[in-house]
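Colleague: I'll drop the sequence and a predicted model, then ask my questions.
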Amino acid sequence: MEKKVLFTASTYSHILNFHLPYLQWFRSQGWTVHAACGGPHAAVPYADETLDLPFKKSMGAPENLQAAAMLRRKMRAESYTLVSTHTSLAAFFTRAALAGLRQRPYTANMVHGYLFDDRTDWARRRLLLGAEQAAAPLTDLVLTMNQWDYALARRYRLGRQVVHIPGVGVDFAGRSGGPRRSRQELRAACGIAPHAFLLLYPAEFSKRKSQAVLIRAMTRLPEEAVLALPGSGALLEECRALAGRLGVAGRVLFPGYVQDVASWQAAADAVVSSSRIEGLPFHLMEAMYAGLPIAASDIKGHRDLLEDEGCGLLYPYGDDEACAERILRLMTSEELRQRLARRGQERAAQFSIERVKPLVLRQYSAVLSEELAAAQV
């Protein structure tokens, strides 16, 4: 019998950024591989076929019901052996499409970060948790990436089996490889003084990423502190205007979306994060691997990676005064920077693709037939 796997996500970019090693593995084992995603269409290596879905970010958007109907028709036509679903929106509507199917495929939901936590307001938390509980009977395997999500999924039995994994694995060599500019070259090109203490936060400009916290913190830091905010998004111009109003526009850089993050890491003295909620963020793992000290908001995901004073400094989310204090500690103590960088590099190995990929494939295998379970991982 032909073995088929379907990967679903809210955007093609998610599959391209995080899951190609897994698509490649399934292909190498003789599986037919399909991908169904929202957002702008993109070619997906190792996928035999792709399906464009009309996902919209609002849970109640009629386009999402249309996407579920398209997935249901596809599942009936293809008789998939396994469905691997990713990102909260796609995960819910993918599993909704499975309801009532006579021959339901095994279903794995990889949770890259539930979009709520203990600080989320009751109504939003109830809505999002309720959606996961409704989909739980259709979920054979839940893979979580941080301890808070793992505890929640176990407490509410959000799948037949709940397993904690250390992310999806980072190809550190691949993501930092290729030509890149030197520290001096990039700084010169961007007008960053050689003596400046460069802080780096590459992220989409959104409410969840909270760049405004870092911009406010800049008003409490000495003149040699410079903040680079590579990325694009809905709140970019709002953040640019905030930097102007607060008088720090000359020390906050907005280089737009950049692919060469490795060059910016080489130019930086520290990496920062102000995010409201995360799963297990790649940019912090990459910073650890690159030997950069980190100051980040004290949230799930960040805690799992950094362990305050272990591999980085944590500050209460949204507290720009505490954020500035942590950054100032990094600026004024070379010994602290070196200690955090050294420990971070040692810990980063735990999240490499070489270590994590076999762990994830072993979990996929556990919910499938003996034939796949016995396959060489």
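Modeller: Looks like it arrived, so ask away.

Colleague: In the stretch 251-377 of the chain, where is pLDDT below threshold?
Modeller: When the per-residue scores of the stretch 251-377 of the chain are filtered using pLDDT under 70, the ranges that remain are 308, 369-377.

Colleague: mind checking the end-to-end distance for stretch 325-338?
Modeller: 18 Å (C-alpha to C-alpha, to the nearest Å).

Colleague: so how far is it off the chain centroid?
Modeller: 27 Å (C-alpha atoms, centre = their mean, to the nearest Å).

Colleague: Please apply the same query to stretch 158-173.
Modeller: Chain-centre distance of stretch 158-173: 12 Å, with C-alpha atoms, centre = their mean.

Colleague: Distance of Gln147 relative to Leu53?
Modeller: 31 Å (C-beta to C-beta, to the nearest Å). For every residue, glycine as well, the C-beta is placed using N, CA and C.

Colleague: before we move on, what SS does Ala188 have?
Modeller: For Ala188, the reduced secondary structure class is helix; criterion used: DSSP: H, G, I helix; E, B strand; the rest coil.

Colleague: hang on, I meant Asp118
Modeller: In three-state terms, and counting by three-state DSSP, Asp118 is coil.

Colleague: Excluding sequence neighbours, find me the nearest residue to it.
Modeller: Excluding its sequence neighbours, the residue lying closest to Asp118 (C-beta to C-beta, 6 or more residues apart in numbering) is Trp148, at 8.0 Å.

Colleague: For that neighbour, grab the count of nearby residues.
Modeller: Number of residues near Trp148 (other C-beta atoms under 10 Å) recorded here: 20.

Colleague: so who does it touch?
Modeller: Asp117, Asp118, Lys300 (C-beta atoms under 8 Å, 6 or more residues apart in numbering).

Colleague: Report how many residues lie close to Gln133.
Modeller: 12.

Colleague: Quick check: closest non-adjacent residue to it.
Modeller: Spatially, and ignoring its direct neighbours in sequence, Gln133 is nearest to Tyr156 (5.9 Å; C-beta to C-beta, 6+ apart).

Colleague: Serialize the contacts of Trp148 to JSON lines and add fields for neighbour count and distance to Val213.
Modeller: Compiled in JSON lines, the contacts of Trp148 are given as follows (neighbours: other C-beta atoms under 10 Å; distance: C-beta to C-beta, whole Å):
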{"residue": "Asp117", "neighbour count": "19", "distance to Val213": "17"}
{"residue": "Asp118", "neighbour count": "8", "distance to Val213": "19"}
{"residue": "Lys300", "neighbour count": "22", "distance to Val213": "17"}
